[in-house]
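> Test case, fold it:
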Amino acid sequence: MKTIAVKTGKISAWITALSFFIWILAFILIAVSSPLFYWSGLEDYIQFHGESSQFPAYLAKGFMLLFALSYPVLLLSLQESLSGDRFYCRIGWAFALLFSLSTSLHYFVQISAMRFAMEAGTYEGLEHFLQANPTSFLSSVNMLGWTLMLGISSLFMWAAFRGRKKGRILKNAFLLCGISCLLAAVGYLAQYDPLTFVCINIGSGGALMAISLSSIRYFNYL
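Next up is the predicted model:
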């Protein structure tokens, strides 16, 4: 395997792992620094936004943007490690690009246009794009990425590594991530929040951390 692919894979794996770790820390800060916010209208959100520190929220969103951008690079590096047929891996990478596009679009808008509008006091139409609103347009785009796109990508990556002796933890993590994401899609479309929350935050979140850390170990073996 080419040295540049191994080095790039290690760097992207460390970035994804670090991004998730800081995301977890940011959510802990959010939990201890302000009350939980449940969407009840734009006016209530404006009041909550003005009374609570938004630094942890923007920190989490910024590092999720970084994760979304680095994840396809990680999968492309993993693809280079496969000898013979890479068909499944190429499909997994293609869906990872769609995940990256939808998710990075969502988070970039949150930390740029939405932040600018809130600071300027321009509130008209914001409810259609705010992440805090679970039925907003961009929230649906984000969930499309985190459920269907990431789920399909993970299952094809699992198929690419299935039957290989190396990377057992890695391929099992891909399988867990794929199943969790697709179950989260069912929960989101059925508006059953407990299923969506558990599958996205615990299921796919834990699986993605395992993918990142086991990828570092996998590249060390190459």
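
> Do you know the pLDDT at F37?
F37 carries a pLDDT value of 77.

> Could you report the separation of it from G205?
Shown here: F37 relative to G205, a distance of 20 Å by Cβ to Cβ, to the nearest Å. Where C-beta positions appear, they are placed from N, C-alpha and C, glycine not excepted.

> So between the two, which is more surrounded?
G205 (18 against 15; other Cβ atoms under 10 Å).

> So the more buried one sits against F20, correct?
Yes - here G205 lies in contact with F20, judged by Cβ atoms under 8 Å, at a distance of 7.0 Å.

> Now I22. Nearest residue, chain neighbours left out?
Using Cβ to Cβ, 6 or more residues apart in numbering and skipping the chain neighbours, the partner closest in space to I22 is F63 (4.7 Å).

> wait, the one you found sits on A26?
Yes - between F63 and A26 there is a contact under Cβ under 8 Å: 7.2 Å.

> Tell me the buried residues in stretch 25-41?
By neighbour count with 16 or more other Cβ atoms under 10 Å, stretch 25-41 contains the buried residues A26, L29, I30, W39.

> Which one of these is nearest to L170?
Here the nearest of these to L170, counting by Cβ to Cβ, is A26; it sits at 26.2 Å.

> which SSE is that closest one in?
Under the criterion of DSSP states H and E, A26 resides in helix 3-33.
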